[in-house]
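Trainee: got a predicted structure here, sequence first:
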Amino acid sequence: MSVRVSTLENGIRVVTDDMPWVKTASVGIWVKAGARDEMPKEHGLAHFLEHMAFKGTRTRSALAIAEEIEAVGGDLNAATSVDNTGYFAHVLGGDVDVALGILGDIVVNSTFDKEELEREKNVVIQEIGAEEDTPDDLVHDLFTETAFAAQVIGRPILGTPKTVAKFDQAAIRAYLDRHYRGDRMVVAAAGQVEHDRVVAAARRTLAVVPPTGAPEPVAARYTGGVLLEARKLEQTHVLIGLEGVAYEDPESYALGVFTNLLGGGMSSRLFQEVREKRGLCYSIYAFQWAYADSGLFGIYAGTEPRDVGALLEVSLETLDAAVQAIRPAEIARAKAQMKVSVLAALERTGGRAEQLARQLMFFGRIVPTEEIVEKIDAVTEADVRRVAARIRSGRPTLTVLGPKRSM
C-alpha cells in the first residue's frame, strides 16, 4: 500500500499517497470544524474564513500569495462543509513544499486586514443573494433547515447578510482559537509526493498549532417537518426527505445501493417512472448526505406547479415499491455505479487527498480502496430492503418552493 501516515508532535496527522504514474500533486490542510461548529452569532463564519484565506498573512500579501503559487503553475482553493474545512493546492510534484508553505502560512498567520474584511463581506453577501436567486440550491438549504429544525447543523453554510455584516477580526480569531487544534487537523497529499518531505514541510509551517482543546459539536437531532414557501418562479422545486445514516453506520453501503437504484441514473426507478413514463419533470434524483452523527436521504425534482401533486404521489409510490421489492439486476447496476464513482474519484490527485483526509478525520484510519469495493460487493438484497424499510419508517421532511398556486 502506497499510503503512509505520520503524526506531528502537536497531534496533526500527515498522510500521503505516492501515485508515481502522475506528475502533479494535490496537497491540503483539512480541519475537522465547519458550519456546525459555529456559535449562534457566528453563522456563516466558517465559510467566511474560506473567503479570507488568501487575503494576506504576516509574511505575504494577497498579491504575493497569488504570484508565488502561480509562479510554479499551481492554484489554490478552499471549501467549507457542515463538519470540515479544507485549504488545498494543486502543483507539480516537485513544488509540494512551496504549496504547503503557503497553505500553512494562511492557516496560522492570516492577518484578516480590516479593509479586506469589509470588501469580502460584500462579496459573500452577494453570494448569499445569488443563492436566493437559484431555487434548486435554495430548496436544499430550506430542506436542511426543516429536517434539523432550530439547530446549527441545519443552518445554511453561507450565513445571512445580517450575521456576515457583523464579522470582525475578534470573531474570526475566536473561532480559529477554539477549533484549529492539532488533533482536529490533517495534512494530506496525493500524487507525485515524498512522505518525509511533506512531513518536514508540515512540521515547519504548522508547529505552532495548539495540540488539543477544541469542543465537540452539538449532536444533531433530526426533526423532520413541512415547509411550503411561495416564490414567483416558473417551476416548483420539491424535496421529499427522511433521516439517513451517519458516516460510520454499518448500513451506509446498503443505503448507497438503495439510493442509486431509486434515483441514481437514467435506469433508476424515479427517472423511469416520473420522467420517462409520465413526463412530470426534467430532473429528478435521489441522494444521501452523511454527517458524523446523522444523515439525510432525499428525493429532489423540479416540476410545473400544476404537477406537484402528481409528482409527489408517483415519487412516494415509487419509493414504497422499491422498499417492498428489489430486483437483483437493479442491485448489480447500483453497485457498479458506486464502484465507478469511488474509483474515478481516486484517480484524481485532489479526490484522493480529500478522501484520505476525511477518512482520518471521521474514521480515525485509512480505509483501503479494496475494502470499500468489498463492502459494496457484499451488500445483499436483504441488506438493501432492511435499510430502506428503516429510513422509510421515520418522520418525513417535505420542502416545496415555488408559485403559491402549487402549494
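Mentor: Yes, it's here. Numbering: from 1, shown residues only.

Trainee: flag the shaky bits of this structure, pLDDT-wise.
Mentor: Where the chain drops to pLDDT under 70, the residues are 1.

Trainee: find the centremost residue of it, please.
Mentor: Ser81 (4.7 Å; CA atoms, centre = their mean).

Trainee: OK, contacts around the nearest residue to Val123 once chain neighbours are set aside?
Mentor: Among residues not flanking Val123 along the chain, His51 sits closest, at 6.5 Å (CB to CB, 6 or more residues apart in numbering). Backbone N, C-alpha and C define where each C-beta goes, glycine included. Residues in contact with His51 (CB atoms under 8 Å, 6 or more residues apart in numbering) are Glu120, Val123, Val124.

Trainee: next: Glu381.
Mentor: Contact analysis of Glu381 by CB under 8 Å, 6+ apart lists Ile326, Pro328, Ile331.

Trainee: now name the helix or strand holding the residue nearest to Val123.
Mentor: For His51, the element it lies in under DSSP states H and E is helix 45-52.

Trainee: please apply the same query to Cys281.
Mentor: Counting by DSSP H and E, no helix or strand carries Cys281.

Trainee: verify the stated contact: it with Leu312.
Mentor: No: in this structure, Cys281 is not within contact of Leu312 by CB atoms under 8 Å, at 11.3 Å.

Trainee: more neighbours, these two?
Mentor: More crowded of Cys281 and Leu312, by other CB atoms under 10 Å: Cys281, with 22 against 18.

Trainee: for that one, give me phi and psi.
Mentor: phi -160, psi 170 (degrees, to the nearest 10).

Trainee: for the closest residue to Lys166 other than its chain neighbours, give me its contacts.
Mentor: Distances taken as CB to CB, 6+ apart put Lys41 closest to Lys166, at 7.2 Å, once the chain neighbours are dropped. Shown in contact with Lys41 (CB under 8 Å, 6+ apart): Thr163, Lys166, Ala171.

Trainee: out of these, who has the most neighbours?
Mentor: For these, neighbours tallied by other CB under 10 Å; top is Thr163, 20 neighbours.

Trainee: any idea how far it is from Met39?
Mentor: 11 Å (CB to CB, to the nearest Å).

Trainee: do the same with Ile299
Mentor: The value you get for Ile299 to Met39, if CB to CB is used, is 33 Å.

Trainee: if we can go back for a sec, redo the contacts of His51 as TSV? Include neighbour count and secondary structure.
Mentor: Formatted as TSV, the contacts of His51 follow (neighbours: other CB atoms under 10 Å; DSSP: H, G, I helix; E, B strand; the rest coil):
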residue	neighbour count	secondary structure
Glu120	18	helix
Val123	11	helix
Val124	21	helix
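
Trainee: I'd like the contacts of Lys41 laid out as a markdown table, including distance to Val91.
Mentor: Converted to a markdown table, those look like this (distance: CB to CB, whole Å):
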| residue | distance to Val91 |
| --- | --- |
| Thr163 | 35 |
| Lys166 | 36 |
| Ala171 | 32 |
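
Trainee: which one of the residues you listed is nearest to Asp113?
Mentor: Distance to Asp113 across the contacts of Lys41 (CB to CB) is lowest for Ala171, with 14.8 Å.

Trainee: name the SS class of that closest one, please.
Mentor: Of the three states, Ala171 takes helix under DSSP: H, G, I helix; E, B strand; the rest coil.

Trainee: likewise for Gly279?
Mentor: coil.

Trainee: please report how far it lies from Glu234.
Mentor: Per CB to CB, Gly279 is found 17 Å from Glu234.

Trainee: do the same with Thr24
Mentor: 43 Å.

Trainee: looking at the two, which is more packed in?
Mentor: Thr24 (20 against 10).

Trainee: before we move on, back to that, tell me which of Ile299 and Met39 has more neighbours.
Mentor: Set Ile299 next to Met39 and count neighbours by other CB under 10 Å: Ile299 wins out with 24 against 12.

Trainee: and the more buried one, that's in a strand?
Mentor: Yes: under three-state DSSP, Ile299 falls within a strand.

Trainee: okay, and the beta partners of it?
Mentor: Ile240, Ala286 (DSSP bridges).

Trainee: how far away is it from Pro396?
Mentor: 10 Å.

Trainee: now Ala170
Mentor: 42 Å.

Trainee: dump the residue contacts of the closest residue to Thr163 other than its chain neighbours.
Mentor: Using CB to CB, 6+ apart and skipping residues adjacent in sequence, the residue nearest Thr163 is His43, 4.3 Å away. By CB under 8 Å, 6+ apart, the contact set of His43 is Arg155, Gly159, Thr160, Thr163.

Trainee: please redo it, this time with the cut-off set to 10 Å
Mentor: 35, 152, 155-160, 162-164, 166-167 (CB atoms under 10 Å, 6 or more residues apart in numbering).
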